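In: sequence unavailable; structure follows:
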């Protein structure tokens, strides 16, 4: 990039600068997302904004440049500035989700491809991240076992979750249970992980792990670049399932993935559809089991949360959860 351009951090606390950034993105067919925590702009000699890049948590996103800057590697200084800013506030594992056709632009900035689908590409700022994430979970001899996996949010841990884990554990020599790490649920990630570990302690072949950065929560999936009519849930599901199959399952010798049927939540139903369609391509069997019914209704974490909100720690809510969750609700839970 020539010396007539400079990269400056945009002061998002000022409404005028936020609105200018949002207008610039809109001119490029992109949407300003409210979770943006940091942004940098490229300005020309007249202080006109001609390029930008943003960050939310560990995700770098909302990149756009005017045609005058194309071919001048404006993306490189933007990515570098954002990485330095994210490091300064404690985010060291950084990711970009972009259109598959734009992947090369980010690899030229020093980012590494993690996984791609026909529509999207996920990149990160370190090499072999999924394998390094999975390595501590692997034990000698796993390759000779039937290894399965379950991914759960457990917000909170219910008898339905426990039934799924017990069923899956009976089908496998080793079962990995990944509890979603994204901390945007009513019950914190640390509490959810603790309750699943306590509630499955009687199952010697079950290993419970945080999902980490590579089993992606829809809460962190960017939608700013999606066009009208594109299905964000379907695109995110395909990216996440492909990453699991190509990088996580292969590293841990996983050949089965288990999930409960989803009659209530359309987003989770789409995720199950993606697993049903994609996992067999990688030699992974998708096992979908019926949900547990109580009093004519499916046992679900949302049902427990609704009861807690309406009636507090009532007997009906306690009948839907295992002993570890009952103890937590009675002694530690605060509305």
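Out: Perfect, I can see it now. Keep in mind the model is a prediction, meaning the values are calculated, not measured. Numbering: from 1, shown residues only.

In: so how far is stretch 126-145 off the chain centroid?
Out: Stretch 126-145 has its C-alpha centroid displaced from the chain centroid by 19 Å (Cα atoms, centre = their mean, to the nearest Å).

In: stretch 83-96 now?
Out: 17 Å.

In: disregarding residues adjacent in the polypeptide, which is nearest to the spatially most central residue of the chain?
Out: Residue closest to the average C-alpha location in the chain (Cα atoms, centre = their mean): residue 216, at 1.9 Å. Leaving aside its sequence neighbours, residue 216 sits nearest to residue 240 (Cβ to Cβ, 6 or more residues apart in numbering; 4.8 Å). Bear in mind the C-beta positions are built from the backbone N, C-alpha and C, glycine included.

In: and the helices in the stretch 51-200 of the chain, which stretches?
Out: Using DSSP state H, counting those that start in this stretch, the helices of the stretch 51-200 of the chain run over 75-88, 103-107, 129-134, 159-170, 189-199.

In: okay, the ones you listed in CSV with distance to residue 151 and mean neighbour count next?
Out: Shown next, in CSV, are these (distance: least, Cβ to Cβ, whole Å; neighbours: other Cβ atoms under 10 Å):
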stretch, distance to residue 151, mean neighbour count
helix 75-88, 26, 18
helix 103-107, 26, 16
helix 129-134, 13, 18
helix 159-170, 11, 20
helix 189-199, 11, 20
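
In: tell me which of these approaches residue 96 most closely.
Out: Closest approach to residue 96 among these (Cβ to Cβ): helix 103-107, 5.4 Å.

In: which strands or helices does that closest one pack on?
Out: Secondary-structure packing of helix 103-107 (3 or more Cβ pairs under 8 Å, 6 or more residues apart in numbering; DSSP states H and E): helix 75-88, strand 95-99, strand 112-116, strand 120-124.

In: surely the residue nearest to the centre of the chain is in contact with residue 243?
Out: Yes. Under the criterion of Cβ atoms under 8 Å, residue 216 makes contact with residue 243 at 7.2 Å.

In: list the residues that contact both of the two?
Out: residue 122 (Cβ atoms under 8 Å, 6 or more residues apart in numbering).

In: bridging residues for residue 208?
Out: Applying DSSP bridges to residue 208 gives these bridge partners: residue 177.

In: can you pull the pLDDT of it?
Out: pLDDT recorded at residue 208 is 98.

In: shouldn't it be in contact with residue 177?
Out: Yes. Using Cβ under 8 Å, residue 208 is in contact with residue 177, at 4.7 Å.

In: name the residues contacting each of those two.
Out: 196, 200.

In: where in this protein is pLDDT low?
Out: 1-2, 217-220 (pLDDT under 70).

In: could you chop it up by domain?
Out: 6-127, 131-331 (automatic domain parsing).

In: circling back: of all the helices of the stretch 51-200 of the chain, which lies closest to residue 251?
Out: Comparing the helices of the stretch 51-200 of the chain by Cβ to Cβ, helix 129-134 comes nearest, at 4.0 Å.
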